[in-house]
Each structure stands twice: as structure tokens, then as C-alpha cells.
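Participant: For reference, the sequence and a predicted model appear below.
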There are 4 protein chains.
Amino acid sequence: MTDYNFTHPVEVRYGDLDPQGHLNNAKYLTYFEQARIFYFEKLGLFTRDMSFLDIGVILADVHLTFKAPVLFGMEIEVGVRTTRLGNKSFTVEQAVIDNATGKLMCTGELVLVTYDYHTGQTIPIPSEWREKTSVFEALLNGEN
Amino acid sequence: MTDYNFTHPVEVRYGDLDPQGHLNNAKYLTYFEQARIFYFEKLGLFTRDMSFLDIGVILADVHLTFKAPVLFGMEIEVGVRTTRLGNKSFTVEQAVIDNATGKLMCTGELVLVTYDYHTGQTIPIPSEWREKTSVFEALLNGEN
Amino acid sequence: MTDYNFTHPVEVRYGDLDPQGHLNNAKYLTYFEQARIFYFEKLGLFTRDMSFLDIGVILADVHLTFKAPVLFGMEIEVGVRTTRLGNKSFTVEQAVIDNATGKLMCTGELVLVTYDYHTGQTIPIPSEWREKTSVFEALLNGEN
Amino acid sequence: MTDYNFTHPVEVRYGDLDPQGHLNNAKYLTYFEQARIFYFEKLGLFTRDMSFLDIGVILADVHLTFKAPVLFGMEIEVGVRTTRLGNKSFTVEQAVIDNATGKLMCTGELVLVTYDYHTGQTIPIPSEWREKTSVFEALLNGEN
């Protein structure tokens, strides 16, 4: 069981493949990024009338583990879940999941920092963001 | 001091930028990949008449730390060094370096696995590869 | 009315956007390419157990007209139709279509050449290919 | 002879290749775009302290002819020249040139429209732009 409350389907493009015939390693970050935006939208933290500059999160750290190659025609989903809400940063786990088998092809742990692009400063996670995420992920309030 | 025996210059492309106006996070892996190929070529482990299928290394694990945004027009180099030679895997450290300041904009630690595409099996690091890398990086023979 | 017998949906990715906040011009060719593969598959000219080297078509010429910018969140489809079957080449028209309005955001006319990768030679369009395409597109037999 | 007053070198990236082992067709537009920015900078029409939104040109039409595949390790340059200055649009010719042979691997003719992003309107080519381009390309004043 993959244990993700949120997944987003991604179609593997021919243009995502490299000469070895499978998904190029850089594209996993593109898939993760795409799924995170829809996850933020699902949580109500990002809306379509907002500028991308208003997203206000910076990717600080990524740890990817590649488990099996992703091929053209494979139906995949990208899971996203928040596992930690710190003061000015939070941790997100992501995975590329093969729908046919449920197998995790790649897993990732990412640390994101909340940021105000207008002042150019890191900021505490907004309380509304914290609340919505906690509820969605059933995180304990004091969890750190 | 960056302490890399090998660096490869990469030109930031307009097409590498995203709506936030800086280098998209996935492109760091593209830059790292490009520099690794030239590093393997420098070490004599890959030659231009080889097929990419003959490279015989699989990326198993990546840990990236983003330190500062890379902008268009910034002259950057990508450092590559091998820091560990195991039995069937080795560790490579990489960094995107701003030439003007020497600052590391992004650092990465990657684990690669040696692999025989013809048999579809992981293989011990070839002794010639081990030797050339050890000499270039001045790694101790027994280093693990 | 768009007059395409075949369309393929494509999700606009954040990673497809450029600093001007809309779909980067190079990505239209990526979208077209993706839709063509599914079109060839639909026509029975390409199957998933084939190598990409067996597709046997080379892109020789592209003419794109950009009509309106494509934005993130826009639901689009890519139309594909064959409009000419020559001896060793054929013409395909494509368009990026905004689903909400039916508006063509970008149109393209592409010339593809049939090619045998094993001999490295252009070849006449295989008769099976010609027949299947003619039927699907209701092209007249002698049409050129 | 290639007859370009301006060329910009581009390094072919492993990440630019597709499963057929050569440069993916969409990347030619990425290469052209990169060279155009440096061309506009050379002409003094774009400076590094400008926002990309200030470039003020929209790509309206592209015609590409693919002549030979570009491979990894090939040293290439991208030529750019303005061949027509209309009222609100101008025509640029571009080519991917193999340095070793001088051969044109891909040629393109592009129509760009001058645009004011602040008002959202097309505008006549600014006279300074017209003058600088005419001088650089030795275009006749009345040329259309």
C-alpha cells in the first residue's frame, strides 16, 4: 500500500526519455514538481489566479532513490504527502508509482522553505497553510 | 576553494529557466549528468565511439542541496569528484559553482551502480575503472 | 470545428513554462511529437513492443504558426491528421487546441519521411501504412 | 559559406538527446532561442539588467528544415541574422551549423512580432532597434 492521500497522474512523454530508452533522471524532479503544484492546489494553498511568484515555497533539499526504470507507455502516478511541518520549513515525501503494479519506481524526500518573494525573506509557515495541511494529512498539531 | 580536480562549464539556457525566472530545479540534474559524462570521458571510462548503453552506470541515489538560485547569464561550472569506490557502487560529489564568486549554488551526492546492460546485472566496478579513478582522485586503494 | 479525427490530451507542466509565464515555444514540438506517437499507435503503425528505432519516420520539415499563448492549467488537446501521402514522404497537420473554447492556439504542418534505420535509407511508404492511413483519414487513393 | 555575422556556440547535452540517440527535434527551437537572446544582446536590444518581459518580441511563425541529425559531441554553432524589418514584425534566419564541416544541420526562418507587454499590444519596431539591426546586418533602409 502506498499510503498517499494525494496522487497526480503524469503521462510519460517521448521527450522525457533519453538515449538509454527510459525516463531521464532529471524528469523525476519535473514530475514531482508538477504533482506538488496540484497537491498545493488541492490543499487550497495555491489557486489558479495566483502568480507562481505567490507560491512562496523554495526547494531546499531533495533526496531521490531510483528503484526501477520508468518506460514509455507505463501508466504512472506521483504521490505527495507532507510528513513534517516545522517553523519555516516542511518535509514532503513523493513517489513515482507504477499503476499496474503499485510499485514505487522512485521515492523522494524534499525539504521546502516558506518564503516571501516580496521581502526576499524566509517566513514562518502561514497558520492557514499549517492547519489545512495538518487536517489533510492528519498530522498531530505539535508534530515537528 | 572548491577542491574539484574536474569541472565542466555549462551555459545556462533561457529554456532552463522557469516562471520564477531562475534555473528550474530539475535542470541541476541535467547539468550534473552532462558534467559526469565529460568526467567519465576524461578518466578514459567512456569514449565517443561507445554507445551510451556501454556507459554501464545506473544512478541509484541522489541528494541535492540547493543553496542559492542560478540566474541567466551567470557563468557556472559543474564540479565532479569520486569520493568512494565500493564493490558494485561508487559515490560522486558534484556542485554547481558560480565562477564569479566561487560560491557553490547547489551541491549533490550521488550513488552510482556499475551495470552490464547486456546481461542486465549489476557488476563489480571494473579494475581498470577503479584504478584510473583512484589515481585521478588520489583515493587510497582500500578506501571504501 | 477542428476537423481532427484524432486528438491526444496533453497536460501543461510547470516545467514547460518559461520566464514569460507561458508555454515555451520549443514545447509545442514536444506536444506534437507525443500526439503523433499515439496517432501512429492508433493507426496500428507503431506498437508498444516495437523499439523506437522501428518507427521509421524522420521529421524533415516543420512549419508552426503561434496564435495565442498556452497557460498553465489550460486543458489542451493536440490534433493530428495526415493530409498527404506521397511516395517516400507524407504531410501531417497538427494543432494545439484549447478544450474550453475549441480555439487553435498553434497550428503546424510537418513533412515526415519514411526511413529504414537498418539500411540507413529512405523507403517508400509501406503499403499497409498507406492503406491504414488512407482509410482512417478518408484520403483518396491517388491523392498526393 | 554560412553568411552569418553572428553565431553562438551551443553544447549538445546528453539530456537533449532522445531514444533514437540524436538531438530531439524540439531542442532545435531551444538552441535557436538561446542564440537569438545573445544576438539581441549583441545588437544592444537586450541587456542583462532587463527583465525577460522587457524583450518585447513574440514568436509568431517558425519554419524549420532538418537536414542531418545532430549527435552528442558534435561542436555546433547557431547562426542568427535578420533578413527583413517590417512595420511590426521582422524575419530572422537561423541555422545549426556543424563546426567541423560548416554543414548546416538545420535551417529556420522565423517571424517575430514586436510587442509591449505592459499594454498587451503589438507595436512598431522601435527606431533604435531598427537602426542597430540595419547597421549590423547591412540592410537597406527601405527593405521590407
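Facilitator: In hand now; what should we look at?

Participant: can we go C-alpha only for contacts and neighbour counts from here?
Facilitator: OK.

Participant: in chain A, which spans are helices?
Facilitator: For chain A, applying DSSP state H gives helices covering A:25-42, A:127-137.

Participant: which of these is buried the deepest?
Facilitator: Of all the helices of chain A, helix A:25-42 has the most neighbours on average by mean count of other C-alpha atoms under 10 Å in any protein chain shown, namely a mean of 20.

Participant: other SSEs contacting it?
Facilitator: In this structure, helix A:25-42 packs against strand A:6-11, strand A:75-85, strand A:89-98, helix B:27-42, with contacts taken as 3 or more C-alpha pairs under 8 Å, 6 or more residues apart in numbering or on different chains; DSSP states H and E.

Participant: I'd like those as CSV, with distance to residue D:72 and mean pLDDT appended.
Facilitator: Shown next, in CSV, are the helices and strands packed on helix A:25-42 (distance: least, C-alpha to C-alpha, whole Å; pLDDT from 0 to 100):
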stretch, distance to residue D:72, mean pLDDT
strand A:6-11, 27, 98
strand A:75-85, 30, 97
strand A:89-98, 29, 98
helix B:27-42, 11, 96
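
Participant: Report the spatially closest residue to the spatially most central residue of chain A, excluding sequence-adjacent ones.
Facilitator: Central residue of chain A (C-alpha atoms, centre = their mean): residue A:36, 3.6 Å from the mean position. Distance criterion C-alpha to C-alpha, 6 or more residues apart in numbering or on different chains; nearest residue to residue A:36, sequence neighbours excluded, is residue A:80 at 6.5 Å.

Participant: Check residue A:107 too.
Facilitator: Residue A:107 sits nearest to residue A:95 (C-alpha to C-alpha, 6+ apart), 4.2 Å away.

Participant: What separation do you get for the closest residue to residue A:132 other than its chain neighbours and chain C?
Facilitator: Nearest residue to residue A:132, sequence neighbours excluded (C-alpha to C-alpha, 6+ apart): residue A:43, at 6.3 Å. Distance of residue A:43 to chain C, computed by C-alpha to the nearest C-alpha, to the nearest Å: 16 Å.

Participant: How about residue A:120?
Facilitator: Separation of residue A:120 from chain C (C-alpha to the nearest C-alpha): 18 Å.

Participant: What does the pLDDT read for that residue?
Facilitator: Listed pLDDT for residue A:120 reads 83.

Participant: cool, residue A:13 as well?
Facilitator: On the pLDDT scale, residue A:13 gets 98.

Participant: what residues are up against the residue lying closest to it once chain neighbours are set aside?
Facilitator: Spatial nearest neighbour of residue A:13, excluding adjacent residues (C-alpha to C-alpha, 6+ apart): residue C:34 at 6.1 Å. Taking C-alpha atoms under 8 Å, 6 or more residues apart in numbering or on different chains as the criterion, residue C:34 is in contact with A:13, A:14, A:15.

Participant: same question, residue A:80
Facilitator: A:4, A:5, A:6, A:7, A:35, A:36, A:39, A:92, A:93, A:94, A:95.

Participant: you'd agree the residue nearest to residue A:107 is up against residue A:68?
Facilitator: No: contact status for residue A:95 versus residue A:68: not in contact, 11.9 Å apart, counting by C-alpha atoms under 8 Å.

Participant: Between the two, point out the one with more neighbours.
Facilitator: residue A:95 (28 against 12; other C-alpha atoms under 10 Å in any protein chain shown).

Participant: For that one, name its beta-bridge partners.
Facilitator: residue A:79, residue A:107 (DSSP bridges).

Participant: Tell me how far it lies from chain B.
Facilitator: 14 Å.

Participant: Can you give me the separation between that residue and residue D:95?
Facilitator: Per C-alpha to C-alpha, to the nearest Å, residue A:95 is found 41 Å from residue D:95.

Participant: how about stretch A:3-22 as CSV, C-alpha atoms only?
Facilitator: Output of stretch A:3-22 as CSV, limited to C-alpha atoms (Å, rounded to 0.1, in the frame of the first residue of the first chain):
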residue,chain,number,x,y,z
ASP,A,3,-0.2,5.4,1.8
TYR,A,4,-0.6,8.6,-0.2
ASN,A,5,-3.8,10.6,0.3
PHE,A,6,-2.9,12.5,-2.9
THR,A,7,-1.7,11.3,-6.2
HIS,A,8,-1.5,13.0,-9.6
PRO,A,9,-1.2,11.1,-12.9
VAL,A,10,1.6,12.0,-15.2
GLU,A,11,1.9,10.9,-18.8
VAL,A,12,5.4,9.8,-19.7
ARG,A,13,6.4,11.7,-22.8
TYR,A,14,8.7,10.5,-25.6
GLY,A,15,10.6,13.8,-25.0
ASP,A,16,11.2,12.7,-21.4
LEU,A,17,13.3,9.7,-22.4
ASP,A,18,17.0,9.6,-23.0
PRO,A,19,19.2,7.5,-25.3
GLN,A,20,19.0,4.6,-22.9
GLY,A,21,15.3,4.5,-23.7
HIS,A,22,13.9,5.1,-20.3
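
Participant: what does that stretch rub up against?
Facilitator: A:23-24, A:27, A:31, A:35, A:38-39, A:69-81, A:137, B:52-53, C:30, C:33-34, D:14-22, D:24.

Participant: So among these, which ones count as buried?
Facilitator: Using 16 or more other C-alpha atoms under 10 Å in any protein chain shown as the burial test, these include A:23-24, A:27, A:31, A:35, A:38-39, A:70-72, A:75-81, A:137, B:52, C:30, C:33-34, D:14-22, D:24 as buried.

Participant: still on that earlier bit, was I right about the residue nearest to residue A:132 contacting residue A:133?
Facilitator: Yes: counting by C-alpha under 8 Å, residue A:43 touches residue A:133, with 6.6 Å between them.

Participant: And stretch A:116-127, what's buried?
Facilitator: A:116, A:122, A:123, A:125.

Participant: Surely the last one touches residue A:91?
Facilitator: No: contact between residue A:125 and residue A:91 fails when scored by C-alpha under 8 Å: they sit 12.0 Å apart.

Participant: Name the nearest residue to the most far-flung residue of chain A relative to its centre, sequence neighbours excluded.
Facilitator: Ranking residues of chain A by C-alpha distance from their mean position (C-alpha atoms, centre = their mean) puts residue A:19 at the top, at 26.7 Å. Nearest residue to residue A:19, sequence neighbours excluded (C-alpha to C-alpha, 6+ apart): residue D:19, at 4.1 Å.

Participant: Neighbours of the closest residue to residue A:93 other than its chain neighbours, how many?
Facilitator: Spatial nearest neighbour of residue A:93, chain neighbours left out: residue A:109 (4.5 Å); criterion: C-alpha to C-alpha, 6+ apart. Neighbour count of residue A:109, defined by other C-alpha under 10 Å: 20.

Participant: With the one 4 residues further on instead?
Facilitator: Applying other C-alpha under 10 Å, we find 21 other residues in the vicinity of residue A:113.

Participant: Tell me which residues touch the residue lying closest to it once chain neighbours are set aside, please.
Facilitator: Closest residue to residue A:113 apart from its sequence neighbours, by C-alpha to C-alpha, 6+ apart: residue A:89 at 4.2 Å. When contacts are counted by C-alpha under 8 Å, 6+ apart, residue A:89 touches A:111, A:112, A:113, A:114, A:124, A:125.

Participant: ok, the residues you listed vs chain D, which is closest?
Facilitator: residue A:114 (24.5 Å; C-alpha to the nearest C-alpha).

Participant: what are the bridge partners for that closest one, then?
Facilitator: residue A:57.

Participant: how near is it to chain B?
Facilitator: 14 Å.

Participant: any idea how far the residue nearest to residue A:36 lies from residue D:16?
Facilitator: Taken as C-alpha to C-alpha, the span from residue A:80 to residue D:16 is 28 Å.

Participant: How about residue A:93?
Facilitator: 29 Å.

Participant: Look at stretch A:119-138 and report the distance between its end residues.
Facilitator: End-to-end distance of stretch A:119-138 (C-alpha to C-alpha): 32 Å.
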